[in-house]
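**Q** Have a look; sequence and predicted model below, questions after that.
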Amino acid sequence: MYYGVCMQSLVFSWAPERIDTWLVKQFPYSRSFFHHIIERKGIFLNGKPAKKSAKLKAGDQIEIDNLERYLSPVILEEAPSIEIPIVRETADYLIINKPKWVLSHPNSIWEVGKPSVVGFLYHHYKELPSIGNFIRAGLLHRLDKDTDGLMIIAKSEKGLEHFKALFKAKSESEELEEKKAVPLKKWYHATCELTPQGEAFLAEITEKLPFIISEEVRAKVPNCTPKRGITQIEKIKKTEDWTVELFLQIFTGRTHQIRVHLSNHGLPILGDYLYGKEAEVPVQLTAYQLEFKDPAGELITISLL
């Protein structure tokens, strides 16, 4: 692949071929994406702006501008058109049930070809309001790829502004009671490995439920700044084997917050290869319930359990 901040210069040395066909073979993007770049004079053939139907011949000089400069929603044509269950839909927002293994959004252009919520939205809802750029159109928050469950998607500018205000109020509130007062709540269900450390921890807190874990979160991801996270354990359901089910509410949204907090107390989530150990099952963490005040002022509760 040829990505960079400057024009890339290549020499064609194969059998005669249309330039758009050749480009598709060199890069993981569609013909329509390269037509998009060619129309904007981002590809030169022998020193002149290329035409999409130009035939290449041996010795031709091809110059390709930095692809990132030309990215627009057209790149999402590369995203698989997947189906995601819609739990609730209004004129202003969607509630979806994201499956495991589906990205919330691509973290780079190299992930555009992977199944994602953004790809689903692009193929099914073309005119969503944007959070800063097209790649996050409609997204208000995210779930890890390995986590399934409920997500809120803004469908209109009214919905976007309403939910942005709720997320901002939750994030900027300094005191726990202030966070609890914001009409936006998220609950998770986790199945955890019950280690001796975890068993001792649960024995200590069982009579203190709901129990707050308020600790620094150090996620195992690049360039992550440790920040305080607040996770509340509300219910403990012991099983007959070496696992335990926990029902939790979060008051902050740090990267891998629940996974880190539980692992720190000897309760790694089953299947969590980062904070526990390898397993033959996916990470057993589900965002199972949402409660929020919607743009019409109605208090909505949605649960998968």
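**A** Sure, I can see it. Numbering: from 1, shown residues only.
**Q** Tell me how far S303 lies from I82.
**A** Distance, S303 to I82, using CB to CB, to the nearest Å: 24 Å. Heads up, the C-betas are built off the backbone N, CA and C, glycines and all.
**Q** Just want to know which of those two has more residues nearby.
**A** Between S303 and I82, counted using other CB atoms under 10 Å, I82 has the larger neighbour count: 14 against 11.
**Q** Next one: the nearest residue to the more buried one once chain neighbours are set aside relative to E298, how far apart?
**A** Nearest residue to I82, sequence neighbours excluded (CB to CB, 6 or more residues apart in numbering): P115, at 5.0 Å. From P115 over to E298 the distance is 32 Å, taken as CB to CB.
**Q** quick one: T286 from F33, how far?
**A** When distance is defined by CB to CB, T286 is 35 Å away from F33.
**Q** now swap in L56 and tell me
**A** 18 Å.
**Q** now do H105
**A** H105 is 18 Å from F33, by CB to CB.
**Q** for the protein, which helix is longest?
**A** The longest helix of the chain (DSSP state H) is helix 157-172.
**Q** next helix or strand past that one?
**A** Next in sequence after helix 157-172, counting helices and strands by DSSP states H and E, comes helix 176-181.
**Q** now the helices for the stretch 1-150 of the chain?
**A** Along the stretch 1-150 of the chain, counting by DSSP state H, counting those that start in this stretch, helices occupy 19-26, 31-39, 117-124.
**Q** Determine which stretch of these is the most buried.
**A** Stretch with highest mean neighbour count among the helices of the stretch 1-150 of the chain: helix 117-124 (a mean of 21; mean count of other CB atoms under 10 Å).
**Q** hang on, the earlier thing: which one's more surrounded, P115 and E298?
**A** P115 (16 against 9).
**Q** residues contacting that one?
**A** Counting by CB atoms under 8 Å, 6 or more residues apart in numbering, P115 makes contact with 79-80, 82, 101-103.
**Q** out of the residues you listed, who's nearest S171?
**A** Taking CB to CB as the measure, S171 lies nearest L103 of the contacts of P115, at 22.2 Å.
**Q** neighbours of the closest one, just the number please.
**A** So L103, with other CB under 10 Å, has 20 neighbours.
**Q** Would you state the helices of the stretch 151-300 of the chain in chain order?
**A** In the stretch 151-300 of the chain, the helices defined using DSSP H, counting those that start in this stretch lie at 157-172, 176-181, 196-205, 257-264.
**Q** Tell me both backbone torsions, phi and psi, for S303.
**A** With angles defined as degrees, to the nearest 10, S303 sits at phi -130, psi 140.
**Q** That one and R88, how far apart?
**A** 11 Å.
**Q** Likewise for E175?
**A** 31 Å.
**Q** more neighbours, those two?
**A** Neighbours around E175 and R88, counted as other CB under 10 Å, are more numerous at R88. The numbers are 14 against 8.
**Q** give me every residue that touches the more buried one.
**A** Counting by CB under 8 Å, 6+ apart, R88 touches 94-95, 300, 302.
**Q** same thing with P80?
**A** Neighbouring residues of P80 by CB under 8 Å, 6+ apart: 113-115, 119.
**Q** Surely R142 and S104 touch.
**A** Yes - with contacts counted by CB atoms under 8 Å, R142 reaches S104, the gap being 3.6 Å.
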